[in-house]
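[1] got a structure for you, letters missing:
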C-alpha cells in the first residue's frame, strides 16, 4: 500500500511572480546576474533551482545548496530553513528518507526560533511526512496533529487540507480505512474549493486506496483514472505514477491480469527513468502478487526480491514486512518449504516489532494525553474561579467605598472577605502549580518507563533469542568438527571462525547487559553499580572506584533503582567521552531515608556556566531523571581541576 504524503515547498515571492511568465528560466537567470548578496538573492536561487527540479535534480540541488550557503553567510535564518522544504523533495524522490528527516528537523528548530505560525505548521508537516516515509506512524501523527492545531488557529485552508490528507494516509496505513476515508474526503472538499489539481489528485488517491481495502474496486478504478487524467493535464510525473499504480492494483483485484501487468510495468519503467524507487518498490509488490495468481512463480520471485532490496534501501519497514509475507506465500506455492518458512519467520519478527510495539506505544501515548487533558481542564476551571472571585471583590469594594461612612461593620466584613479570598486564591494558585508539576512528572515518568521497557525487551530478545541461536550454531559446528575430516588449513580456518563466533556471543551479551543489567534485576542497585564500575575498569578506558556506605543489602523501588543506575551510567559515559580522565570515583551513601550519589573524576574539568545552554541529549536525560526522583544536583568543576557531581534524594 503506497503512502500518499504531501511535502510543502516554501512559498517565495519570486517563484510566484515568474511562474506566470513564459521564459521563467531566462528571467530568473538574468536577475541572478545582477543580484547582490542579500535575502532577495537567496530567494532567487531557490526559485531558479525549482526550474531544474523535475528534469535536472542535480542542478536543482546545487542551487538550493548555494541559496543555503548565502543565507548562512548573511545570517538569514529563514532562508536557511527554506532549504529544507526544497531539498527534501529531491531526497524523497531518491528514497533517502533518513537524510530528509534530518534536514526537516533542522528547519523545524529554526522556525521555532524565528518562524511565524504558518511556517511552524509547514515544518511540523514536513517532519511528520518523513517519519511516515520511515513507517513510524505514531511520530508522524504527532507532528501532523501539531500542524493541524496551528492551521486551525490561523484558519489556513491549504494547511488544513494537507493535514487532513496526511492524517488520512496514516489511518489507512493503520488499517482504519473508514476513518482514513473520512479525513481524505474532508481534504478533497477543501482541494476542490482551492481549485488545486495536485491537491485534488492527492486526496482522491487516499480515498481510492481506502475503497480498494473496502473491496469497492470498480469505484477505486474510476478514481484512479481521474488521477491519471489530472497527471496528463498537469504533466506531473508523480500524479501519473499514482494513477498508473492504482490502476494496476485495481485491475489485479478485478482479475484483469493483462491490464494490471501493463500498468505495473509502466510504473517500473517510468520510475527507473525518473529515479523514484518508492514507486518501483510498490509496483514490484503488485507484480509479485499478480505473478502468484498467474502461477508464474519464477517471474514472481524476481519481482519480490527486487521489492525487498528496494525496501531495505529505503528503510520502509511496513513494506518490507509485507514483502516478506509475499515471498513466504510465493515459495510455499513453489513447494520451497524451507525458504517459505524462513520468510514467514522474518515477517513475524518484523510484524511483531512494528505492529505490537507501535500499538502499545500509541495506546500509552493516548492514555498520557487523556490524563494531561483532564489536568489541563482542571487548571482552566480553577483559573475561571479566580476570575469570578476577582469580579466579586471588585463589586464589594465599590459598594464599601460608597457606604464607608455609614457602614463600618460592612467594611470590616468586606476586609474579612477579602482576606478569605486571598487565602483561597493562594490555595488555588498552589493547586494549579501542583497540578502543573504533577503533569510534568507524569510525562517524564511515562517517557522513562517506556524507555526502560523497551531496553528490557531488547535485552531479553538479544539474550534469549539471538543468544540462544548463536549458542546453538556453536554447538552444531562443534558436532560437525567431530564428524568431519579436515585438512590442517581448513581446521585452522574453522578454529578462527569459532573464535569469531565466541566473540560475537560475548559482544551480544555485553550489549544486552548494558541495555538492562541482569545484576540490577536480580541483586539490586548496589551490586549492579559495583559490577558496572568493575566492567569499566577492566575495559581499560577508565579506572573507576566504587564505594558503598550504609547501602549494602538495601532494597529500593525498582523504578528508582533503574533511574539512579542510568544517571551514574550517563555521568561515567560523559567522563569517558569528554573529561580525558584517568580515574573516577562513584560513591553511594544512605543515611536514614536520604540517599546521596557522588561521581568524581580527575579530568580536565569545564566551566559549569555552559550547562545553562547545554542541549546535549545526555545532559538533558540526567536532568530529567533527577527531576523525576525529586532530587537535587550540585556540580562542582573548573577547567583543569576535574569534576564532582553530587545528587541527593529521598528514598
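    Nice, I can see it. Just so we're clear, the structure is a prediction, and the values are computed from it rather than from any experiment.
[2] Next SSE downstream of the helix or strand containing residue 92?
    Using DSSP states H and E, the element containing residue 92 is helix 77-93. Remark: after helix 77-93, the chain's next helix or strand is helix 97-114, criterion DSSP H and E.
[3] Pull the distance from that next one to the chain's centre.
    Distance of helix 97-114 from the chain centroid (CA atoms, centre = their mean, to the nearest Å) equals 12 Å.
[4] Show residues contacting that helix.
    Residues from elsewhere that reach helix 97-114 (CB atoms under 8 Å, 6 or more residues apart in numbering): 77-78, 80-85, 87-88, 91-92, 119-120, 122-124, 126-127, 129-131, 133-134, 314-315. For the C-beta atoms, the positions are set from N, CA and C on the backbone; glycine is no exception.
[5] so where's the stretch 301-450 of the chain uncertain?
    For the stretch 301-450 of the chain, the stretches flagged by pLDDT under 70 are 353-403, 405-406, 409, 414, 417-418, 420-422, 424-450.
[6] tell me, what residue is most central in this structure?
    For the chain, residue 139 is the residue whose C-alpha lies nearest the centre (CA atoms, centre = their mean; 4.7 Å).
[7] which SS state does that residue fall under?
    Following DSSP: H, G, I helix; E, B strand; the rest coil, residue 139 is assigned to helix.
[8] From residue 650, how far out is it?
    Applying CB to CB, to the nearest Å, the value for residue 139 to residue 650 is 35 Å.
[9] rewinding a little: was I right about the residue nearest to the centre of the chain contacting residue 129?
    No: with contact defined as CB atoms under 8 Å, residue 139 does not count as touching residue 129 (11.0 Å).
[10] Need the residues touching each of those two.
    Contacts common to residue 139 and residue 129, judged by CB under 8 Å, 6+ apart, are absent.
[11] what pLDDT does the spatially closest residue to residue 144 that is not a sequence neighbour get?
    Spatial nearest neighbour of residue 144, chain neighbours left out: residue 128 (4.5 Å); criterion: CB to CB, 6 or more residues apart in numbering. You'll see residue 128 listed with a pLDDT of 90.
[12] which residues does residue 128 contact?
    Neighbours of residue 128 in contact, by CB under 8 Å, 6+ apart: 139-144, 147, 166.
[13] can you list those in a markdown table and add pLDDT?
    Shown next, in a markdown table, are the contacts of residue 128 (pLDDT from 0 to 100):
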| residue | pLDDT |
| --- | --- |
| 139 | 85 |
| 140 | 85 |
| 141 | 85 |
| 142 | 87 |
| 143 | 90 |
| 144 | 88 |
| 147 | 89 |
| 166 | 88 |
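[14] What number of residues are in the vicinity of the closest residue to residue 103 other than its chain neighbours?
    Counting by CB to CB, 6+ apart, residue 84 is the residue found nearest to residue 103 once chain neighbours are left out, at 4.9 Å. Per other CB atoms under 10 Å, the neighbour tally for residue 84 reads 29.
[15] do you know how far residue 84 is from residue 327?
    Residue 84 sits 36 Å away from residue 327, going by CB to CB.
[16] what do you get for residue 132?
    Counting by CB to CB, the gap from residue 132 to residue 327 is 24 Å.
[17] from the middle of its chain, how far away would stretch 632-647 be?
    34 Å.
[18] And the protein, split by domain according to the record?
    By the record's domain assignment, the chain is partitioned as 357-474, 522-650 (automatic domain parsing).
[19] Show the average pLDDT along the last one.
    Rounded to a whole number, the mean pLDDT of domain 522-650 is 85.
[20] where do the helices sit along the stretch 201-350 of the chain?
    Applying DSSP state H, counting those that start in this stretch to the stretch 201-350 of the chain gives helices spanning 217-234, 237-253, 257-274, 277-293, 297-314, 317-334, 337-351.
[21] Can you say which of those is nearest to residue 505?
    Nearest of those to residue 505, taken as CB to CB: helix 337-351 at 20.0 Å.
[22] who touches that closest one?
    With CB under 8 Å, 6+ apart as the test, helix 337-351 has contacts from 317, 320-321, 324-325, 327-332.
[23] No more questions from me, cheers.
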